[in-house]
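> Okay, here's the prediction I keep looking at, along with the sequence it came from:
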Amino acid sequence: MTLDWREHPEASAEYLDAVIKYADVEDGSLGDEFADAADAASALISQWPDSPPPYLGRRRDPMIRSWNLGKFPYRLIYAVRAGEIFVLAYAHEAREPGYWSDRLDR
């Protein structure tokens with residue numbers, strides 16, 4: 001069964017901000033690398049959405065999980081619910097943990 005992929009609008013904005021930020025480094029190639037890392041994470045999450053452990057030990061529905069974006073200090077934070085993977089954030093690791101938690105309700 002294939003799950004639909006949906007992103008919270010603020011998560012989509014975080015992704016674009018990171019791509020633009022990294023595009024200003026190394027003649028844009030780092031922006032492309034960030035996009036590739038996010039695409040690779042998306043593909044793996046789509047195949048194995050339950051493989052990462054629960055986020056910070058959270059063990060209630062919906063189960064929140066996260067995937068590290070390789071060499072970048074970002075985590076793709078998501079929940080699997082009602083037949084979809086819902087991306088809550090492309091969270092920089094220096095941000096307050098859980099700042100995105102109110103996005104579950106939207």
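Yes, it's here.

> Just name whatever secondary elements the host helix or strand of residue 76 is in contact with.
Per DSSP states H and E: residue 76 is located in strand 74-81. In terms of contacts (3 or more C-beta pairs under 8 Å, 6 or more residues apart in numbering; DSSP states H and E), strand 74-81 is packed against helix 29-47, strand 64-68, strand 84-92. C-betas here are computed from N, CA, C, even on glycine.

> If we use 6 Å, what do you get?
strand 64-68, strand 84-92 (3 or more C-beta pairs under 6 Å, 6 or more residues apart in numbering; DSSP states H and E).

> could you dump those strands to TSV with distance to residue 25 and mean pLDDT?
Formatted as TSV, the helices and strands packed on strand 74-81 follow (distance: least, C-beta to C-beta, whole Å; pLDDT from 0 to 100):
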stretch	distance to residue 25	mean pLDDT
strand 64-68	20	94
strand 84-92	15	97
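
> Nearest residue to the middle of this protein?
residue 76 (1.9 Å; C-alpha atoms, centre = their mean).

> In this structure that one contacts residue 67, no?
Yes: counting by C-beta atoms under 6 Å, residue 76 touches residue 67, with 4.6 Å between them.
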